[in-house]
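Novice: Need a 3D model of the following:
(2 chains)
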Protein chains: 2
Amino acid sequence: MTATLYVCTTCRAGEVLEEDAPRPGALLHSALTEAGAPDAVEIVGVACLSACSQGAAVALSEPGKWTYVYGRLTLADAPDILAGAAAYAASADGLVPWRERPVIFRKQSLARVPPLPCLWRLPNE
Amino acid sequence: MTATLYVCTTCRAGEVLEEDAPRPGALLHSALTEAGAPDAVEIVGVACLSACSQGAAVALSEPGKWTYVYGRLTLADAPDILAGAAAYAASADGLVPWRERPVIFRKQSLARVPPLPCLWRLPNE
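Specialist: Numbering: from 1, shown residues only, chains lettered A, B, ... in the order given. Purely as a prediction, here's the structure:
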């Protein structure tokens, strides 16, 4: 299984920008993809995570795991976002022990959502 | 398929409460369950949606659809939350047309997350 790290590419992060200026969310997406996704993590840009007043924002999601959304992120947070995504991918249920979470994940949670009730089976089950 | 309306039962909604006082989130959960879930919606209380500074909070989720999280909700919002949940359940992908969303869902989104990549098939497919 692969965890998905969604990165909002339209986040303005509270900045007033010229129309053609790069968005802080797009710059964060570039920084994360250039740094490279950890094992078992896929980085996916999303046009809007609807967390506009708390951007830049990312979300971590994987079938069978809790989904987490984090906000108020900056380019400087890219290494910690990737470390947190790796810990999430390595967890059984998305619930990474508190002390193993990067500080930004402890303090800048916007929301978490339980795993969806699993109505499906893997094709070969 | 059934949409799940998660309701944070531990939300303090910014209030300073006595230890044994009912939480605003728990009261909202009671109001929603007493009013009754719309067709194709299940109401599920959750101990924490990690949106503590923006509570009370709810989330709407269903396999194959976008997940939405809303915050800063009060007991008076219960009818609109249920109407919004019904519209979500009736939608194909969770993206309810803007004008058909309750005002609280237009203005109080905390986050949304894309549908999980579907790696599974329904048992009889």
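Novice: ok, residues contacting stretch A:21-29?
Specialist: By C-beta atoms under 8 Å, 6 or more residues apart in numbering or on different chains, the residues outside stretch A:21-29 that reach it are A:7-13, A:15, A:17, A:43, A:45, A:55-58, A:73-75, A:77-78. Placement of C-beta: from N, CA and C, glycine included.
Novice: Mind giving me the PyMOL select for those, buried ones only?
Specialist: The buried residues among these can be selected in PyMOL (16 or more other C-beta atoms under 10 Å in any protein chain shown) with this line:
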select buried, chain A and resi 7+8+9+10+11+12+13+43+45+55+56+57+58+73+77+78
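Novice: In helices, which of the contacts of stretch A:21-29 appear?
Specialist: A:Ala78 (DSSP state H).
Novice: which of the contacts of stretch A:21-29 come close to chain B?
Specialist: Here is what survives when those are matched to chain B using C-beta under 8 Å from any C-beta of the partner chain: A:Ala57.
Novice: Now, the contacts of stretch A:21-29 that are in strands?
Specialist: A:7-8, A:43, A:45, A:58 (DSSP state E).
Novice: Tell me which two of those sit farthest apart.
Specialist: Pairwise distances across the ones in strands among the contacts of stretch A:21-29 (C-beta to C-beta) peak at 12.1 Å, for the pair A:Cys8 and A:Ile43.
Novice: Which residues of chain A lie near chain B?
Specialist: Near chain B, when you scan chain A using C-beta under 8 Å from any C-beta, you find A:1, A:4, A:6, A:44, A:46, A:48-51, A:54, A:57, A:59, A:61-63, A:67-69, A:71, A:109-114, A:116-117, A:119-123.
Novice: filter the residues you listed to the buried ones?
Specialist: Neighbour counting with 16+ other C-beta under 10 Å marks A:4, A:6, A:44, A:46, A:49-51, A:54, A:57, A:59, A:61-63, A:67-69, A:71, A:109-114, A:116, A:120 as buried within the residues of chain A next to chain B.
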